[in-house]
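>>> build me a model from this:
(2 chains)
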Amino acid sequence: MSFEDDLRGALRREPAPEGFAERVIAMAGSAQPFKVVRMPVWRRPLAWAIAAGLLFAAAVPSGVMEYRRRQDEKALLAKRELMLALSVARIKLQQTREMIQKRQRNAL
Amino acid sequence: MKSLILIAALAMPMAAQDTFDFSQLDKLGTNSSSRSNITLDGDMLKMASGLLGGLDKGGKSDDIKSLVEGLQGVYIRSWEFDKEGQYNEGDLEPLRNYLKQHKWSKIVDVHEKKETSEIWTLPRDGSKIGGIAIVSAEPKEATVVYINGTLNASDLGKLGGNLGIPDLKNMKDVQKAQKDLDKEKAKKDDEEN
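Model (predicted):
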């Protein structure tokens, strides 16, 4: 037997088994129609994603604002502290200057 | 790798020596009736200087901003005592030793009756200095001012001027102002917690 004969044999048209068409029609007739299931909103992942996005968008600016407000307050206190420190430096420099001047006056 | 570790090990104590360890002066304040303690370094100093400048027409804020820009740390320690003899002036020696070790120069040393005032600076190139320290010892008061960072010699003159710095007359005024500031800081901390 040649290869062509094998191939021909394998691809030979065969009749459908007996009663095949009736069984297919019977199954199609008894099949349930497709049921469309509507999920509640709270179970939809997309709804959750949108809600999370909105929450994030609402929370972030107020969080950033609050952080900046606290940083500004800290900076203001730091500035006052710096001014106080420079006041001390000035007082002590002036006291030293006065001590030197007094000494110079006494020396004359 | 070994050499890297060695360099890091050598660099660590050098970095630690950048600023005087003020806890070495704690002994001095044991009998004090009140004290002022200001520490401004790193981020706090940057935050404070960020709010300086461009606020007034006289340019005073700009002057002070340029003065503060090169600074790395500003430290004030001041103690007040009810009676004379409640502290030992020798307790200031750790600071003096630190300044000597780090090649600071004592440019002013005035002694009058029971008062002593010293001004130390860290010489740098040209007209610049790497810091200024003032050590003041009175019978009932001791104060240390330690400013670390690059300053122009002319900045010392600026410090003596107005510059928008609050016009406080003496350390009592300073202590009162600091108490107010501490109260506000505590209030803010409470709000945050």
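
>>> show me the shaky parts of the chain.
I went with chain A, as the question did not name one. Chain A contains residues with pLDDT under 70 at A:1, A:33.

>>> nope, chain B
B:1-17, B:53-62, B:157-169.

>>> report the contact partners of B:Glu118.
B:Arg96, B:Lys106, B:Val108, B:Asp109, B:Val110, B:Ala133, B:Ile134, B:Val135, B:Ser136 (Cβ atoms under 8 Å, 6 or more residues apart in numbering or on different chains). Where C-beta positions appear, they are placed from N, C-alpha and C, glycine not excepted.

>>> next, format these as JSON lines and append secondary structure, distance to chain A and neighbour count.
Listed next are the contacts of B:Glu118 as JSON lines, based on DSSP: H, G, I helix; E, B strand; the rest coil; distance: Cβ to the nearest Cβ, whole Å; neighbours: other Cβ atoms under 10 Å in any protein chain shown:
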{"residue": "B:Arg96", "secondary structure": "helix", "distance to chain A": "16", "neighbour count": "16"}
{"residue": "B:Lys106", "secondary structure": "strand", "distance to chain A": "12", "neighbour count": "14"}
{"residue": "B:Val108", "secondary structure": "strand", "distance to chain A": "6", "neighbour count": "15"}
{"residue": "B:Asp109", "secondary structure": "strand", "distance to chain A": "10", "neighbour count": "12"}
{"residue": "B:Val110", "secondary structure": "strand", "distance to chain A": "5", "neighbour count": "18"}
{"residue": "B:Ala133", "secondary structure": "strand", "distance to chain A": "10", "neighbour count": "23"}
{"residue": "B:Ile134", "secondary structure": "strand", "distance to chain A": "5", "neighbour count": "22"}
{"residue": "B:Val135", "secondary structure": "strand", "distance to chain A": "9", "neighbour count": "22"}
{"residue": "B:Ser136", "secondary structure": "strand", "distance to chain A": "5", "neighbour count": "25"}
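
>>> wait, which of those is closest to A:Ala51?
Nearest to A:Ala51 out of the contacts of B:Glu118 is B:Ala133 (Cβ to Cβ; 59.9 Å).
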